[in-house]
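Enquirer: Mind folding the following:
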Amino acid sequence: MAMWLAIGIVAAYLAGTFPTALWLGRRAGTDPTKAGSGNPGASNVYRLSGKRTGVMVGVIDALKSVVPVVTALVVAGRPEAHAVWVAAVAGHVWPFYRRFRGGKGVATAGGGGLVLSPLVGLVCAVLFFMVVKFGRVAALGSITIAVSYPIISALIGRPGWEVAVGAGVAAILVLRHQSNIRRILGRSEQRV
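Expert: Residues are numbered from 1 along each chain as shown. Just a heads-up that it's a prediction; the model follows:
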């Protein structure tokens, strides 16, 4: 079982490294790593290449964790599914072939989180869209749901280890948004 878990973690990490934003952004005529915020993620592609391309990036980035997590749930169980969730997020955030400089991991974390805890995922999705709709700042929505996921998980009674894994994923997302937090505080963050 340990060998299969290791294979699953490596496969999930590799799935996470798939460069969705670069692939679709360049097809639309822009390189998201060299324009806008410079981040290879859905929000930057949305601003640079339009709604359709941005949404496609978000959906595919989410699927990078959905597929490994669903597979792990079916084949193994919840602990293994949480392990591959973290691996997929890590692959998106730290892809080996880009010197470990990737995206911010929100869509990839969100996809797996929705599968692992649909109620928490749906509440977080609603929170994200409300914050972005009224605040017009995607990063603020991302930070809000990252912090909210483990808190809501704890409130609805998920096991402590699941809350801890969710908190770990949240910490990765918040750390990746440090520059956004500084710009939000300085009121210079780009609006959607």
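Enquirer: C-alpha only now, for contacts and for neighbours.
Expert: Fine.
Enquirer: Run through who's touching the helix ranked longest in the chain.
Expert: Scanning the chain for the longest helix, with DSSP state H as the assignment, gives helix 51-75. The contact list for helix 51-75 (Cα atoms under 8 Å, 6 or more residues apart in numbering) reads 8, 11-12, 15-16, 18, 20-21, 24-25, 28, 41-47, 78, 80-82, 84-85, 88-89, 107-112, 115-116.
Enquirer: run the last query once more with 6 Å
Expert: 12, 15-16, 20-21, 42, 45-46, 81, 85, 88, 107-108, 111-112 (Cα atoms under 6 Å, 6 or more residues apart in numbering).
Enquirer: with those residues in mind, which one is nearest to residue 100?
Expert: residue 16 (12.0 Å; Cα to Cα).
Enquirer: Any regions of this protein where pLDDT drops low?
Expert: 1 (pLDDT under 70).
Enquirer: Residue nearest the middle of it, spatially speaking?
Expert: Against the mean C-alpha coordinate of the chain, by Cα atoms, centre = their mean, the closest residue is residue 106 at 2.4 Å.
Enquirer: just the angle between the host helix or strand of residue 91 and helix 51-75, please?
Expert: According to DSSP states H and E, residue 91 maps onto helix 78-93. Put simply, helix 78-93 runs at 150 degrees to helix 51-75, going by axes from the mean of the first three to the mean of the last three Cα atoms, to 10 degrees.
Enquirer: circling back to that earlier point, out of the contacts of helix 51-75, which one sits closest to residue 169?
Expert: Nearest member of those to residue 169, counting by Cα to Cα, is residue 85, at 8.8 Å.
Enquirer: What number of residues are in the vicinity of that closest one?
Expert: By the measure other Cα atoms under 10 Å, the count of residues near residue 85 is 35.
Enquirer: begin at 415 from here
Expert: Taking 415 as the first residue, the last one we looked at is residue 499.
Enquirer: ok, now how distant is it from residue 588?
Expert: 17 Å (Cα to Cα, to the nearest Å).
Enquirer: Equivalent analysis for residue 580, please.
Expert: As for residue 580, its distance to residue 588 is 12 Å (criterion: Cα to Cα).
Enquirer: if you count what's nearby, which of these two comes out ahead?
Expert: Ranked by neighbour count (other Cα under 10 Å), residue 580 and residue 588 place residue 580 first, with 25 against 22.
Enquirer: Fine, thanks again, bye for now.
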